[in-house]
Structure formats: C-alpha cells, structure tokens
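Asks: fold the stuff below for me.
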Amino acid sequence: MTHLPQHHRQFHKWTLLHTATALLSTTTTATQTLHDGTHNLAQASLNVLKSNLMSIEYELDDNTPDNAWTDLYNEDYRYIIPCSSTYVRTVMDTNEAMLAARAFSKSGNANAAWDILSSVFAAQGSNGFIPRYVYFDALNLTQGELWLNGTAYPNYSLFGVPPVEFRPVDEGVRGSGMLAATPMLSSMVLDVFYLSNQADVDEDMLEMFVDKLYRWHEFLHSDRTSYNIIHPWESLSQLDSPVWVQSLGLAMTAVNEVNYTFTRGEVPEEVTSADDYPGDEIYTAMLFLVDCLMALEHSTDINQKCPFAMTDVSIAALLVQADIDLESMADMINDIKSKDVVSNKELTRISDWKTESSGWLEDLWREAEGTQSYLPSTVDETGSISVVVVPIADNFMPVWRGWNRFLKAHYPGGDELYSGEFRDYKGGERFDSLIYQMTESKDSDSPYAFGCQTSNVVRSHGCNLSKDYFNGPPVISPMLNYFLSNGIVLNGDLGVGHYIRNTTLNLVCELTPNSDSVSIDECPLDPVFAKRFNASNGEPRKSSSDLSCSVTNTATAAISYDLLFSDKEFDYDEGIPIASVWVTVLIAAELTIALFIMLTCISMSVNLLRSLKVDDDEMVMRLMRDSNFINRWGFQPEEAGLIYGADVDGDFFDGSRQDQSRHRISNEPSSTGGSTQVENEQDRKISWRDMARTYASYVNPFGYSPPEGLRANNEGTMT
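Replies: Just a heads-up that it's a prediction; the model follows:
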C-alpha cells in the first residue's frame, strides 16, 4: 500500500464537523418508541455521515505555526467525502453528496445539507457545467497524484486542465475535467428544501440554487443532446457492469489500433485490486477516453473525436425527473418570493426541456423481437446509433420518473395517494412489464429475468446473461435499490417496493436479506455500510487494499437513514400575492391613514362637543324667554338667574326687575306672590339643563307629556 509522503502533504488540522451530535440527539428523541435495532441503524448512519463531513483547514508547511492558518477559498466550505478514510479527504463524489445532503435535512440539520450543496456548486463552470468529482486542494498538495494515494479514486490531475468554460469559478476548487455530475442535483435540492423547516434562510438558499440549476440544465440540454454521458465514470452503473463490454467496443478497438498504453504513470495497486475493477482491457479503454477528452479544446461533437458517447438509461430517467423538479422549484420560488425570480421566458424553456428529456427517455424503450425494456444506446462518429442489448438493473431506473412534488404540495389532501406518473404509460402495462422482469424466474430462459432463486433483488444484471459479458460478479447496489424502492412505491406497487427496501436494510444489518418484513429489530451497533453486496449470499463486497472505505460508504449510510423513516408530507407555505417589500410599504401607508383618520375623528369630536354646549346654552336661554316658561316652572324668567347665575346678565331678559348693578336680582317679590317662590325652593335646585330638556320634551311636536311630578298647574305650582 502506498503511504502519503508527509513532507509533501500537510493536513495538520482537518476538522471533522461534529454537527451530528445534535442530529443524534434529535434522532434519539424521534426514535425512543422504536426498537433498539432501528435506533442502532439510525445512529450508526449518522455517525458515518458525521465522520465523513469535512471542513477545509490546511497547514502550509512544517515551519508554519500551529495557530497560523491560511484560507485561500472565496468562502468557507463543508463537504462530504466518500468514506471514513484520511486518504480521500480532498475528494467529494457529487452523487454521494446529494444523498448525504438529503439525509442531513431529513434528520433535522438543513444547515449541513445546504453547506454540502454549496460545496458542490462551488465547482460549477461558467457554462453551467458541474463535475462528477469535486476536489478541495487550494494549496496543490495532491497535484502530483494521478490517483489519490492509498485509494482507487482518480485525482484531478488525471483529467488535466479542461476548457476554460468547464473550470470552477472558485480557483480553490477543482473538478474532474469534462466528466459531469448526474442530473439528480435538482431533485435533491428540492428534497432538501421540502425536508427542511422552510425558514427564511431555506427559502433564500432555494432561490440561490434555482439560478445555478437553471444554468446546469441549460448545459445538459445544449451540450448533451445526442448522448448523455461521454465516459463510463459519469454513469450510475457499476464500474464492472457488463454493459461496458459492449458499449466500449469502439474504444477498445481504437486502443488496439493505436497500440495505446497509459504513459503518464503506473496504475496503482489500489485500483487493480479494487472490488469493482473491471479488468485490464476495460479499464485501459477508460483511461484511453480520459486522455482523449483531456486533449479536446471544446466540448462540441465529442463523439466525432473520442470513440465513446452513450445515452444511458439511468441518466435519462434522472434528467426527466430533474426537469420536472426544476420547474417545480421555479414555480415555488416565484410563489414564495412573490416575484419573478424565474422569468416567463425561462419557465417556457424549462417546459420545453421537460418535453425534450421525456422524448429522449422514450426513445430508449424497446419492444422489438420480444424485448420490452429500456436499453441504452451508443452513437459513433457518423451519428449512427447502436442499441446496447445488455439487461442490467440500471435500466429499471425510469420507474422513478414522473414524480411531480410541486403539484402534490400545491394541492394537498387529494384522493390520490401516490403521485408517480410512470404507471400511466399504456394504462400501467409498461410499469407492470418492468416489475415482472424484476421478479421473473431464471427458468423462463428470458435474458431479462432478474428473479434468480439464489440472488437478492435487485441484482446488477439478469440471471441468464451470457458469460461473454461477465467482467465481474452480480452485485446489489444499495443506491440503485433506494431509487427503485421509492419509485415503485410511488407508482403504487407497495409489495415489491417495500420488499426491495427491506432487503437493502437487512443487507446493511447483515441479517437475512430476502424478507417480506423489515428484520432490523436485531440490527447490531456496527452495521456494514458497504457500497456493494454479493448478490448470491448477501455479504458485503470489500476491497483487500482498503477495508475502511468498504464499510463506511457515504451513499449507503445516507440511504439507510433515508429508508428507515418516511418523508414528511411534501408541502410549503405559499407566498402572499405581492412582494414582501411592497407589503411593508402598504402596511406603513395603512397605519399612516388610520392615524390620520383617528386624529381627524378626535378633532371633530372635540369641536362637536364645544358646538353642542354653545347650542345647548342658546336653546335654554331662548326657552326662558318663552311666555310658557312661568306656566312650566312657576316663576318669572328673570328669576331663573337664581339658578342659572350671572350668565343671564345683560340684556337677555327684558328685566325691569333686574338691579342696575347687573350683578344681582332684586329681592322684591314678583307679581305672582312671594309664597310661590318659597314653596318651590326645592324645585329650584333642579339644574337649568334639566329644566330645559324637560321643557323641550314638553313642547315637542310628537305630543310627549312630562311625567306627573314635573307638570305645573295654572297657579304655577308643581303637581
């Protein structure tokens, strides 16, 4: 085994992010009612993801003080490595990163999920391209390694310097040349948002990624139209899949014609002893394509310059779903933000992309000569298409398509339990055909039968495949099973979907694989997160040169946690019909208007009260002049001053009885007799306002009569 030269490479302070501590406490709370085996698997899954989550901190050299660190990146990044090994701490597989981000968000740590996604998009090129592998080596410490020392992972140096539009904008990050990531990016970004708390920060992250994903899809629908992969390493298929025996035919022919040998270095032992090593002939053809692509100055018409271009079924299926999810995100973010984050023109293009990608996938369906299956195809330098008639499990990937999560979230509570749309093809006939092939016995002699009695579903290739195509044993891929299980359940076949899920979890827990029920109640504390399992006996496939990576695979840990717990209802909070900034303006305007109205009402009320008092006083004085006043109250109008006070002073009364001093009323008895004044001493205590109101009621036009006790007789006395 090759060891790292310590004088060449310093990683004195690589920080393992202990964010999973919070995750584990959350999981413990969520799983307290579950059996111990389930809790063991959930905790072990998050432990592996925690161990594989990295931050970037380098020491320059041996002479650099321990407390001196240099950050050469535009911003801080957290990323996830393929397994728990120090040898792979500079590389991130974007496929595994997407699954890990989804698991983190589902476990309650959306921050870690968004950080991982940000690290993936840090490698995006100016043309929208995103590489399959992302490398974090700002100090060029691994630049001289074609494969990362001690591993089978290719390093960025192996791919050379790609055309400028393919290079990451962030100079501290590098990619895998022109080898692209899978289209699942959009689907996983949408899932991360759905599974998050959908707080403001989550909405902002979604808005940011929608633009990046739009440019990514723009690349896929412009540079990858006649084919969708330019190298086997871009596919989800296993490195030793039998599909490469036929599809790399032109490349292997070219290798022989030019007598090609890889001259840039020796292929490490870690590569040739890896569990998925496809053999010298296949791997040499793969290296030949790497050298061919490295020599290209642009990405157009690659099939005319390098002898490999293929339309992969799994990639086509992922692109269909990704286009659907991109449209969902565009509609959603426009709704949430109440503005055109994605323009109508861009929405139209996305809709056209959906139609285009659906057509590409439909072209891969084959029914000729008794075949009812999706099969990949290759295209040569003349544009001639050849069907790759090799039954592999990756060809079942289309059952995952058609999952419109936005519609499900936009119209919740419908009668339809499942939202998968694949079954709609020909009334479900196509879906039923694929499910039948998964479980079909090898005794049928069909090359598309995968239900081998001694194998666990779903094995990497059919039971009756010709040995001419064998370049590796049949294996079980947990990642592929994850996609198939979810898609089959969504399309309504719960039996087969749950069977695949249970088998996958049982394999990880090293329990009886094929089972109609989950047996993980007995899952140990240390389950095996292998990248692949033996299809015959269920044992994990381990590399003799790298046992650590064989049992701590990031993708397997992520899908194990994901399969354990159901997703919450896909829903989101709809935005208000106008932009938030205008909401603030309108609220401020409404408050201002309300304040103005309130002040106006107060002012009007005060003025009205003042006016009523003046009118009331004038009315009383007019009533006092009335000749009937004495009949009502029993004394002369000028005598009312005893009650009303000095306000009756002046010329208001025709007061011959008023004293010339105009400050008092004469004490001379009135013509009606002094006895009346004495007898009505109590009545004078009634306020002049009460007298006026009573008198006004007495003379009102509606004929109302005062109460008996307040009515005066002809002598002026009260009755």
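Asks: could you use CA atoms for every contact and neighbour count after this?
Replies: Fine.
Asks: wait, residue 496 touches residue 487, no?
Replies: No: in this structure residue 496 lies outside contact range of residue 487 using C-alpha atoms under 8 Å: 10.6 Å.
Asks: between these two, point out the one with more neighbours.
Replies: residue 487 (25 against 20; other C-alpha atoms under 10 Å).
Asks: for the stretch 351-500 of the chain, which segments count as strands?
Replies: 365-366, 373-374, 377-379, 385-387, 475-476 (DSSP state E, counting those that start in this stretch).
Asks: neighbouring strands - and their directions - for the first one?
Replies: Read that as strand 365-366. strand 373-374 (antiparallel) (DSSP bridges).
Asks: the nearest residue to residue 82 once chain neighbours are set aside: what's it in contact with?
Replies: Counting by C-alpha to C-alpha, 6 or more residues apart in numbering, residue 82 lies nearest to residue 554, which is 5.3 Å off, once chain neighbours are set aside. The contact partners of residue 554, taken as C-alpha atoms under 8 Å, 6 or more residues apart in numbering, are 48-49, 52, 80-83, 96-97, 100, 529.
Asks: re earlier: deepest-packed of the strands of the stretch 351-500 of the chain, please.
Replies: Comparing these by mean neighbour count (mean count of other C-alpha atoms under 10 Å), strand 475-476 comes out on top with a mean of 29.
Asks: about what we covered before: tabulate the strands of the stretch 351-500 of the chain (TSV), appending mean pLDDT and distance to residue 106.
Replies: As requested, the strands of the stretch 351-500 of the chain are exported to TSV (pLDDT from 0 to 100; distance: least, C-alpha to C-alpha, whole Å):
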stretch	mean pLDDT	distance to residue 106
strand 365-366	90	34
strand 373-374	90	32
strand 377-379	94	36
strand 385-387	93	39
strand 475-476	92	25
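Asks: reformat the ones you listed as TSV; add distance to residue 143.
Replies: Listed next are the strands of the stretch 351-500 of the chain as TSV, based on distance: least, C-alpha to C-alpha, whole Å:
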stretch	distance to residue 143
strand 365-366	44
strand 373-374	41
strand 377-379	34
strand 385-387	39
strand 475-476	34
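Asks: residue 506 is nearest to which of the ones you listed?
Replies: Checking the strands of the stretch 351-500 of the chain against residue 506 by C-alpha to C-alpha gives strand 475-476 as the closest, at 12.2 Å.
Asks: what ranges do the helices span in the stretch 351-500 of the chain?
Replies: 405-410, 429-439, 478-490, 494-508 (DSSP state H, counting those that start in this stretch).
Asks: shouldn't residue 78 be in contact with residue 52?
Replies: No: applying C-alpha under 8 Å, one finds residue 78 not in contact with residue 52, separated by 10.4 Å.
Asks: so for the two, which sits in the more crowded spot?
Replies: Between residue 78 and residue 52, counting by other C-alpha under 10 Å, residue 52 is the more crowded of the two (26 against 20).
Asks: doesn't residue 38 make contact with residue 521?
Replies: Yes: at 5.9 Å, residue 521 counts as touching residue 38 under the criterion of C-alpha under 8 Å.
Asks: re the thing from before, to residue 88, which of the strands of the stretch 351-500 of the chain lies closest?
Replies: strand 475-476 (23.7 Å).
Asks: go ahead and name everything in contact with that closest one.
Replies: 456-460, 532-536.
Asks: those residues into TSV, with extra columns for neighbour count?
Replies: Formatted as TSV, these follow (neighbours: other C-alpha atoms under 10 Å):
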residue	neighbour count
456	25
457	27
458	29
459	26
460	26
532	26
533	24
534	20
535	24
536	17
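Asks: between the two ends of stretch 379-396, how far is it?
Replies: 22 Å (C-alpha to C-alpha, to the nearest Å).
Asks: ditto for stretch 225-241
Replies: Termini of stretch 225-241 sit 24 Å apart (C-alpha to C-alpha).
Asks: so how far is residue 432 from residue 480?
Replies: Counting by C-alpha to C-alpha - residue 480 and residue 432 are separated by 19 Å.
Asks: quick revisit: just send the helices of the stretch 351-500 of the chain back as a markdown table, with mean pLDDT too.
Replies: Shown next, in a markdown table, are the helices of the stretch 351-500 of the chain (pLDDT from 0 to 100):
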| stretch | mean pLDDT |
| --- | --- |
| helix 405-410 | 48 |
| helix 429-439 | 87 |
| helix 478-490 | 91 |
| helix 494-508 | 89 |
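Asks: select, out of those, the one closest to residue 190.
Replies: Residue 190 sits nearest to helix 405-410 of all these, at 8.8 Å, using C-alpha to C-alpha.
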